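Asks: Sequence and predicted structure, then a few things I'm wondering about:
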Amino acid sequence: MPSGLRGRLVLVVLLATLPSVALLVAEAVEYHLHGLSIAVGIPRGVLVADAGRELAWGLGAVVLAAALVIVVLVIGTGRWLLRDVDGLVAATTRMARGDVSVRVGPRYGTGEVGALARAFDDMANAVEARQRETERAREELEASHETLAAVIAAVPPAIVALDDRGHVTIWNGGAERMFGWRKQDVLGRRNPAVPEHAQPQFDSILDRALGGERIVDLETRRRTAAGELIDVSLSTAPVHDPAGRVIGAVVVYVDIRERKAAEERLARSEAHFRALIENAQDSITVLDASARIRYQSPAIEPILGYTPGEVLARDVLDFIHPDDRRRVSRLIEESAATGESIGPIQCRARHRDGAWRILEGVATNLLRDPVVSGLVINARDVTERHRAEEEVRRQREMIARNEKLAALGRLAAGLAHELRNPLTVLNGRIALLRNELPAGTPSARHLPSLEEAAERMKSIVQGLSSYSKPVKPMRAMLDVRDLLGGVLGLIAHEVKTGGVTVQIEADREVPRIVADPSQITQVLLNLATNAVEAMADAGGGRLTLRVAANHDVRIEIADTGPGISEDRLAAIWEPFYTTKPEGTGLGLSIVRGIVEDHGGTIRVESQVRVGTTFTITLPRAQPP
C-alpha cells in the first residue's frame with residue numbers, strides 16, 4: 001500500500017476516535033464564582049462507560065471500513081477510493097476544528113465507503129446531540145449560578161466563603177454592610193473582621209468546618225472597619241469540590257446587636273422589678289393551678305419566719321389555719337376556674353414558731369399569662385392591726401357595758417339598801433317566832449322554809465352589794481398552776497359526788513402573771529363549779545384544765561357536759577341571766593369583768609351534747 005494511502009488511512013482511524021474523546025471532554029464543565037470552584041458533571045463511571053462504548057463502536061466501524069478499503073484496493077480501485085477517503089478526511093478535519101454540523105451525506109453510495117460515511121454521520125449526529133445537551137446543561141448551570149450569586153448578594157446576613165487556607169473567596173453585600181470593608185479589599189486575604197484576640201477561636205472554627213463539621217448559631221464578636229466590636233451569631237458549613245473533598249467553608253454572620261440590647265434591657269428590667277419585689281414589705285407569692293408555691297419573695301421570713309426555699313413547691317393550704325382552709329381553697333379553685341382575682345381577704349397562717357398570724361391579701365389571676373402563668377398573691381401581716389382593732393372594739397364594748405353595769409350597779413345598790421332593812425326585820429321576826437312558838441305546832445313547821453327564804457334573800461343582797469361595789473384588786477406575781485391546784489381542793493367534794501374525773505394539762509414552762517389571787521381564784525372557781533354542776537346533772541363527765549403559754553398565758557376549762565345551745569350562748573354574759581333554779585345570773589358577768597380588768601380576754605365555745613370550753617387569756621408578767 002502506498003505511504004500516502006497508509007497515512008490517510010491512519011488519519012481516518014485516529015479521527016474516527018475523536019468523537020469519543022470529545023465526549024469525555026464535554027462531559028465535565030467547570031465554572032468559577034469569585035474564585036470559588038463550582039463543578040457540575042456526570043459521574044466518572046458513567047463517563048468512562050459511555051465513552052468506552054462510543055470508542056468501541058467507532059473503532060469497530062473504522063476497522064470494518066479499513067478492511068473494506070483494503071479489499072477495494074486489492075481489486076484495483078485505488079484511485080476512486082483515495083478520492084472518497086480524501087472527502088472523509090476533510091469532513092473529519094472540520095469536525096476536529098469544532099464544526100459539529102459537517103456531514104458527508106449519502107453521496108458515497110451503498111458500498112463500503114458509503115457504509116463508512118454513514119458511520120461518520122451517525123457519530124457526528126451523536127456528538128452534536130451530546131454537545132447540545134452539554135450546552136443546555138451549561139446554560140442551566142450559568143442561570144443557577146447567576147441566581148445563586150444574586151441571592152448571596154441580596155440577603156441581609158453577611159456571607160463569607162473561605163478556602164482551606166482561610167482566605168476570603170466570597171464577600172457578599174451583607175458582609176460589606178455589616179463590617180464596612182468592600183469586596184475587592186478583602187478577596188484573597190484572611191477575614192479582616194476577626195479581631196486579633198479571637199484569631200485562635202476563628203482558626204478552631206475553620207478547622208472544624210474543614211473537618212466536615214457544621215456549626216450553628218455560635219455567638220461571638222467581630223470587628224468592623226471602624227474598629228467597633230459588634231455581637232454576631234455565626235453558622236458554618238464545609239464546601240466540597242466535585243470529587244467530594246472539602247476545599248473551604250462558608251460562614252454566615254447575623255447581626256444580633258438589637259437582640260442583645262433587648263436582652264440587656266429585659267435583664268435590667270427584670271433586676272429592677274425583682275429588687276422591688278424582694279425588698280417589698282408585703283409577701284409576694286406565685287401559685288400554680290394546683291395551689292403549689294412556685295415563687296416566694298423574701299418578705300415571708302419576717303412575716304412567718306420561713307425562708308423562701310422552705311416553702312417552694314409546698315401546698316399553700318399547708319400553712320392556713322384549719323378553720324380557714326376550706327374557705328381559702330374554695331376561693332383559689334373559683335379563681336382558677338373563672339380567671340377572676342380574689343380579695344381582699346383575711347385568714348390565719350401558721351408562723352414557724354407555731355403561732356397563728358392574721359394575713360390580709362389580694363390575689364391576681366395571671367394563670368393565662370404566658371410569662372407569669374400563676375396566681376399572684378400580695379399579703380401582709382395585720383395581726384397587730386387586728387389586735388388593735390379588737391382592743392378598740394373591746395374597749396368600746398367595755399365602755400358600753402360599764403355604763404350599763406354602772407346603771408345596774410346603782411340599781412343594785414339601791415335594791416340592796418332597800419332590801420337590807422326589810423330583811424333585817426324579817427330575820428328578827430323569824431328568830432322571835434322560833435322562841436315563842438312551841439316546837440311541833442303547825443305554825444312552827446313553816447319556820448324552816450321562812451329561814452331558807454331569808455337566807456336566799458341575804459345571798460342576793462350580798463351579790464348585789466358585791467356587784468355594785470367591786471373590791472379594788474391587790475395584784476401580785478402568780479403561777480396559774482398553783483391557783484388551779486387550790487381550786488381543785490375547793491371543788492374536790494363536788495367532783496367526787498358528781499361522778500366527774502379531772503385532768504390537768506400544763507406546759508413545762510409557764511410564765512407568771514400579775515393578778516389579784518383572790519379574784520383570779522374566784523374566776524377559776526366559778527367556771528370549774530359551773531362545769532362540775534352541769535356534768536353532775538348529766539350523770540358525770542370529764543373536767544380538763546389546760547395551761548399553755550405563747551405570747552400570753554392561756555387557761556382552758558373544758559367539760560364534757562350537755563353544752564350550751566347557740567341561741568343561749570350569746571346571753572350568758574348578761575347580768576341576771578341564769579339557767580339555774582337558784583342562780584343569781586351575776587357569776588359570769590363578774591368573771592368577765594375581772595378578766596378584762598386584768599387586761600385579758602375570755603371566750604366560750606360550746607356544742608350541745610359534746611361539751612363547753614372557756615378560754616381565758618391573760619398577759620404574761622413583764623421582766624423587771
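Replies: Nice, I can see it.

Asks: Report how many residues lie close to the residue lying closest to Ser373 once chain neighbours are set aside.
Replies: Closest residue to Ser373 apart from its sequence neighbours, by C-beta to C-beta, 6 or more residues apart in numbering: Leu367 at 6.3 Å. Every C-beta, even on glycine, is put in place using the N, C-alpha and C of the backbone. If you count neighbours by other C-beta atoms under 10 Å, Leu367 ends up with 16.

Asks: who touches Leu367 in this structure?
Replies: Neighbour list for Leu367: 288-289, 336, 339, 373-375 [criterion: C-beta atoms under 8 Å, 6 or more residues apart in numbering].

Asks: again with Val510
Replies: Taking C-beta under 8 Å, 6+ apart, one finds 479-481, 547-549, 553 in contact with Val510.

Asks: is Met477 in a bridge, and if so with what?
Replies: Met477 has these beta-bridge partners by DSSP bridges: Val514.

Asks: got the contact list for it?
Replies: Contacts of Met477 (C-beta under 8 Å, 6+ apart): 512-514, 621.

Asks: any idea which of those has the most stuff around it?
Replies: Busiest of the contacts of Met477 [other C-beta under 10 Å] is Ile513, holding 23 neighbours.

Asks: Check the spacing between the closest residue to that one other than its chain neighbours and Thr601 real quick.
Replies: In this structure, Ile513 finds its nearest non-sequential neighbour in Leu618, 4.9 Å apart by C-beta to C-beta, 6+ apart. Distance of Leu618 to Thr601, given as C-beta to C-beta, to the nearest Å: 9 Å.

Asks: try Gly414
Replies: Gly414 is 32 Å from Thr601, by C-beta to C-beta.

Asks: In terms of neighbours, single out the busier of the two.
Replies: Thr601 (18 against 12).

Asks: That one and Glu397 touch, don't they?
Replies: No - Thr601 is beyond contact range of Glu397, at 11.3 Å (criterion: C-beta atoms under 8 Å).

Asks: pretty sure Val502 contacts Arg546?
Replies: No - between Val502 and Arg546 there is no contact under C-beta under 8 Å: 11.9 Å.

Asks: Work out for me the element Gln395 sits within.
Replies: Following DSSP states H and E, one finds Gln395 within helix 383-436.

Asks: Also Ile303?
Replies: Mapping Ile303 onto the secondary structure by DSSP H and E places it in helix 300-304.

Asks: likewise Ala267?
Replies: helix 257-278.

Asks: Are any of the contacts of Val510 buried, and if so which?
Replies: Buried members of those, counted by 16 or more other C-beta atoms under 10 Å: 480, 547, 553.

Asks: for the closest residue to the first one other than its chain neighbours, what are its contacts?
Replies: Yep, that's Val480 we're talking about. With C-beta to C-beta, 6+ apart as the criterion, Val480 has its nearest non-adjacent residue at 5.4 Å, and that residue is Val547. Applying C-beta under 8 Å, 6+ apart to Val547 gives the contacts 480-481, 484, 504-507, 510, 553-556.

Asks: Can you flag which of those residues belong to strands?
Replies: Those of those mapping onto strands are 504-506, 553-556, per DSSP state E.

Asks: In a markdown table: those, plus pLDDT and distance to Gly309.
Replies: Formatted as a markdown table, those follow (pLDDT from 0 to 100; distance: C-beta to C-beta, whole Å):
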| residue | pLDDT | distance to Gly309 |
| --- | --- | --- |
| Ile504 | 88 | 41 |
| Glu505 | 90 | 36 |
| Ala506 | 88 | 36 |
| Val553 | 91 | 35 |
| Arg554 | 92 | 33 |
| Ile555 | 93 | 38 |
| Glu556 | 93 | 37 |
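
Asks: In PyMOL, how would I select the buried members of the residues you listed?
Replies: Entered in PyMOL, the line below selects the buried ones among the ones in strands among the contacts of Val547, by 16+ other C-beta under 10 Å:
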select buried, resi 553+554+555+556
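
Asks: Quick check: mean pLDDT of stretch 223-231?
Replies: Averaged over stretch 223-231, pLDDT sits at 93.

Asks: show me what contacts Gly212?
Replies: Counting by C-beta under 8 Å, 6+ apart, Gly212 makes contact with 238, 246.

Asks: helices or strands up against the helix holding Ile303?
Replies: strand 283-287, helix 308-311, strand 356-366, strand 374-381 (3 or more C-beta pairs under 8 Å, 6 or more residues apart in numbering; DSSP states H and E).

Asks: got the buried residues for the third one?
Replies: Within strand 356-366, the residues that qualify as buried by neighbour count (16+ other C-beta under 10 Å) are 356-361, 363-366.

Asks: How about the shortest one?
Replies: By neighbour count with 16+ other C-beta under 10 Å, helix 308-311 contains the buried residues 308, 311.

Asks: I'd like the next helix or strand past that helix.
Replies: Scanning forward in sequence from helix 308-311 by DSSP H and E, the next helix or strand is helix 322-338.

Asks: Quick one: list the elements packing against that following helix.
Replies: By 3+ C-beta pairs under 8 Å, 6+ apart, helix 322-338 packs against strand 342-350, strand 356-366, strand 374-381.
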